[in-house]
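Peer 1: Sequence first, predicted coordinates after that:
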Amino acid sequence: MSDADSTPLLARVSARLSEHAADLSEQLLGELLAEEPELRGDSLMVPLLRASVSGNVVMALHMNEFGLGVEQVDAPAEALEHARRLAQRGTPVTVLLRAYRVGQRFLADRLIGEVRTTTCDPASVAEAVAELTRLSFGYIDRISEQVVSAYREEHERRMHTQVAVRCARVRTILGAGWVDPADSERVLGYRLAQTHLAVVAWTDTGTDRLRELKQLVAHLAAQTRCQGEPLLIPADESTLWAWLPEPQADVDRAALEVTNSLWAAVGAPAPAVAGFRLTHQQAQQAQSVALSAPVSQRPAVTCSAEVGPIALMCADLGATRAWVCAVLGPLARDDDAAAGLRDTMRVFLDTGGSFQTTAGRLLLHRNTVQYRVRKVESVLGHALRDRRLDLEVALLACRWLGSSVLVPTGS
């Protein structure tokens with residue numbers, strides 16, 4: 001078969017690129033997140049977008065490789081689910097369509113580059129490019145129709161419910177634009193002129209678990225003795241936003257246990273419309289800390305008041321890990337010995353350098369605490385009072401992010 005036959009040529013280069021489909025998918029994902037910020041959503045949306053991108057890349061390459069007709073391919077299940085989730089979150093459908101055009105351009109560029117490295121015959125290149133153009137536009141037209149249909153069905157389903165109206169109003173309030181408090185209170189059935197405590201509850205596994213998430217929020221509402229019914233807003237099938245009115249007590253994390261992969265992040269109490277927004281932002285920041293930590297080390301509830309600056313460090317865990325290692329040195333190892341010394345150092349600094357109080361909190365002998373503090377200072381090469389702020393922030397990062405920012409044993 002000669003290179004003049006564009007179909008075998010296109011099939012060969014597609015087969016070669018199929019071997020690198022995972023790398024191509026990650027590159028395309030990076031371009032999409034850079035060009036379409038609205039696709040970023042939160043830490044739960046990116047894995048779904050990654051699955052959609054991977055499914056489409058593999059499907060498009062296989063269509064070229066095996067000579068499938070456009071009518072023989074359908075949108076991957078992950079792509080349909082991603083479209084539905086975008087509809088649930090109120091992302092404009094135009095964002096979805098632009099994403100597919102970016103994907104079409106990306107994959108066409110890679111295929112054309114591969115064609116040109118395979119043959120120098122201008123006629124063969126021209127025929128292959130023409131065939132690729134026909135197939136890629138046919139693929140995008142067919143898949144776009146299917147994902148847009150899934151998006152619109154979900155959008156219409158939600159827009160015809162009271163929940164959708166309330167979700168839209170809450171997003172308007174959170175958008176920091178002007179809102180009519182009286183009208184918003186009527187729509188939401190919730191008073192804005194009071195103190196609010198925001199909760200973001202979510203699950204890492206499966207969907208349609210909103211009932212369980214509501215039960216988790218109800219438990220938090222009872223624990224904080226809030227004065228009224230919480231406002232519950234499903235952000236999507238696996239995430240619930242909530243506002244607890246007039247909380248009278250703090251969340252007691254020690255009294256909660258992880259149950260069936262359900263998690264919650266909590267803001268700080270704040271008043272009025274501005275407080276409604278602020279406490280929700282704090283809850284989302286606390287959620288980003290929880291999602292950055294390994295699941296096995298994630299607490300059932302993460303409170304924004306406790307994580308402090310750690311939320312800002314989650315944007316680049318690699319840089320955070322490097323900084324923690326620079327501050328703590330060998331004490332940044334992910335092993336039991338280093339963990340014990342970090343705990344001693346954290347409590348010692350928290351108690352203002354009291355050996356006796358530290359010993360009481362850790363249930364250790366005072367001499368043991370003194371020995372550990374001397375050992376820590378020996379390892380660090382300086383007294384704990386030196387670079388105290390850096391030490392406290394690094395220890396806070398280790399406490400909340402765990403092995404995500406620690407150096408693996410043996411490295």
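Peer 2: Happy to help now that I have it. On a predicted model such as this, the values are computed, not experimentally measured, just so you know.
Peer 1: now the helix or strand containing R372: mean pLDDT?
Peer 2: Per DSSP states H and E, R372 falls inside helix 366-380. Helix 366-380 carries an average pLDDT of 92.
Peer 1: Run through who's touching that helix.
Peer 2: If you take C-beta atoms under 8 Å, 6 or more residues apart in numbering as the criterion, helix 366-380 is touched by 328-331, 340-341, 344-345, 348, 355-356, 358-359, 362, 383-384. (Each C-beta comes from the backbone N, C-alpha and C, glycine too.)
Peer 1: Does R110 touch S18 like I think?
Peer 2: No. In this structure, R110 is not within contact of S18 by C-beta atoms under 8 Å, at 11.4 Å.
Peer 1: quick one: which of those two has more around it?
Peer 2: R110 (19 against 16; other C-beta atoms under 10 Å).
Peer 1: and the host helix or strand of the more buried one, how far from the chain's centre?
Peer 2: Secondary structure from DSSP H and E places R110 in helix 93-118. Mean-position distance between helix 93-118 and its chain equals 26 Å (C-alpha atoms, centre = their mean, to the nearest Å).
Peer 1: same check, this time on stretch 60-80
Peer 2: Using C-alpha atoms, centre = their mean, the offset of stretch 60-80 from its chain centre is 29 Å.
Peer 1: Could you pull out the buried residues of that stretch?
Peer 2: By neighbour count on 16 or more other C-beta atoms under 10 Å, the buried set for stretch 60-80 is 60-65, 70, 73, 75-76, 78-80.
Peer 1: measure that stretch end to end?
Peer 2: 16 Å (C-alpha to C-alpha, to the nearest Å).
Peer 1: mean confidence for that stretch?
Peer 2: 94.
Peer 1: Just name whatever secondary elements the helix or strand hosting A265 is in contact with.
Peer 2: If you go by DSSP H and E, A265 is part of strand 262-266. The contact analysis (3 or more C-beta pairs under 8 Å, 6 or more residues apart in numbering; DSSP states H and E) places strand 262-266 against strand 195-203, helix 210-224, helix 272-292, strand 301-303.
Peer 1: Next, the buried residues of the helix or strand in which E26 is found.
Peer 2: Using DSSP H and E, E26 sits in helix 21-35. Across helix 21-35, burial judged by 16+ other C-beta under 10 Å covers A21, L24, S25, L28, L29, L32.
Peer 1: Surely the fourth one and A108 touch.
Peer 2: No. Taking C-beta under 8 Å as the contact criterion, L28 and A108 are not neighbours in contact, 11.7 Å apart.
Peer 1: Find the residue at the geometric middle of the protein.
Peer 2: The centroid of the chain falls nearest to S43 when counting by C-alpha atoms, centre = their mean (0.7 Å).
Peer 1: so what's that one up against?
Peer 2: Here S43 is in contact with Q287, S288, L291, S292 (criterion: C-beta under 8 Å, 6+ apart).
Peer 1: tell me the contacts of the second one?
Peer 2: Applying C-beta under 8 Å, 6+ apart to S288 gives the contacts D42, S43, A311, C314.
Peer 1: now swap in the third one and tell me
Peer 2: Contacts of L291 were listed using C-beta under 8 Å, 6+ apart, and they are S43, L44, C314.
Peer 1: just checking, the residue nearest to the centre of the chain is part of a strand?
Peer 2: No. Counting by DSSP: H, G, I helix; E, B strand; the rest coil, S43 is not part of a strand but coil.
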